[in-house]
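In: I need the structure of the sequence given here:
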Amino acid sequence: MIRVENVKKEFVSAKKYPGLRGALKGLVSNEKVRKVAVDDISFHIKKGEIVGYIGSNGAGKSTTIKMMTGILTPTEGKCLVNGVDPCQNRKKNAKNIGVVFGQRTQLWWDLPLSESFTILKEIYDVSDEEYNERMEFLNRVLELNEFFSQPVRNLSLGQRMRADLGAALLHNPSVLYLDEPTIGLDIVVKDNIRAAIKEINEKYHTTVVLTTHDIQDIEELCSRILIIDKGKLIYDGSLVDLKDKYGTTRKVIMEVQDVNRAKNIPLDSYLSVDKEDYEITVDAENSSVTVSFDKNKLQVSDVIDQMLKHVDVKDIKVKETELGEIVMAIYNHDIVQEG
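Out: Have a look, this model is predicted:
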């Protein structure tokens, strides 16, 4: 459905100089500043996939989305969406895609929501029969009829996001781009929108590209993620593989009778761990002790067994590395990627 081949986007701007003298110099200077926003990235997305496209602020996510929607033209490389070049055939591409930006709306601010949908129906040449069928589905999954006659300016943030999602889906696009669709929403509305996206994907096999900083959006909706950093694609794979590869830390959290005794147990000696190869860390807080270790080096059962031999344990919890912790480490460059 989407093919991005060796795409690069470079922005060129006049060099700015500080102060009044610098402003005058800028009028006659020919110096340019070049910034590579997207640097030779390639990926393919199949029909019906829900893919998370994530990265820190300024990584190049929005620039990539704008090239796939036809707003920007790549400096190098090629992008095809459903067989169409978005930049060369913008109108044809626009009829195949739907876009929701969390910070912007495509609805008419002073008109009732129903009028916005009527205008979009005409813009996309949606027949009366298709419109009625689509609205019946959208009213069911997004509950638009609750506020369908209200002016857009009077809608709450959650209502507007549901309305924007409905508007993007009115013409049944092949591809749906979602940029922060749950930003600023409460837990209930977030869950409703996620459920709606899942049902839309299942019913119409809509391909969804989701950019978000909400890790729960990724975990609940996406089976595959793309991670971009400083314009380069650094990960393309499943959530399971990402966790298996980088989420190797396990934590055994135990509520114990004697915290001081528990934190001083020489687990590395008992478990024959070479400190130069890997170190077990033990942290104590109040009545609990947390033992952190690499799951590829040690077994959880061995750690628990040694603790039970040397201290009275009231309760035990085993915690895996959360996706948010892995992504944060990648953003902070604590995890070194190899392309």
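In: Let me see the contact set for residue 12.
Out: Going by Cβ atoms under 8 Å, 6 or more residues apart in numbering, residue 12 touches 32, 33, 34, 35. Yep, even glycine has a C-beta here, placed from its N, CA and C like the rest.
In: Can you tell me the closest non-neighbouring residue to the first one?
Out: The shortest distance from residue 32 to any residue other than its chain neighbours is 5.3 Å, reached at residue 12 (Cβ to Cβ, 6 or more residues apart in numbering).
In: Reduced to three states, what does residue 94 come out as?
Out: helix (DSSP: H, G, I helix; E, B strand; the rest coil).
In: domain parsing for the chain?
Out: Domains of the chain are assigned by automatic domain parsing as 2-243, 248-320.
In: and the shortest one, what's its mean pLDDT?
Out: Spelled out, that is domain 248-320. In this model, domain 248-320 has an average pLDDT of 84.
In: So what's the gap between it and the chain middle?
Out: Domain 248-320 sits 34 Å away from the centroid of its parent chain (Cα atoms, centre = their mean, to the nearest Å).
In: mean pLDDT for the domains of the chain: which is lowest?
Out: Minimum mean pLDDT among the domains of the chain: domain 248-320, a mean of 84.
In: What is the end-to-end distance of it?
Out: One end of domain 248-320 sits 8 Å from the other (Cα to Cα, to the nearest Å).
In: Using a markdown table, please lay out the contacts of residue 12 together with distance to residue 118 and secondary structure.
Out: Conversion of the contacts of residue 12 to a markdown table gives the following (distance: Cβ to Cβ, whole Å; DSSP: H, G, I helix; E, B strand; the rest coil):
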| residue | distance to residue 118 | secondary structure |
| --- | --- | --- |
| 32 | 47 | strand |
| 33 | 46 | strand |
| 34 | 46 | strand |
| 35 | 42 | strand |
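In: Mind jotting down where the strands sit in the stretch 1-150 of the chain?
Out: Assigned by DSSP state E, counting those that start in this stretch, the strands in the stretch 1-150 of the chain fall at 2-14, 32-45, 50-54, 76-81, 97-101.
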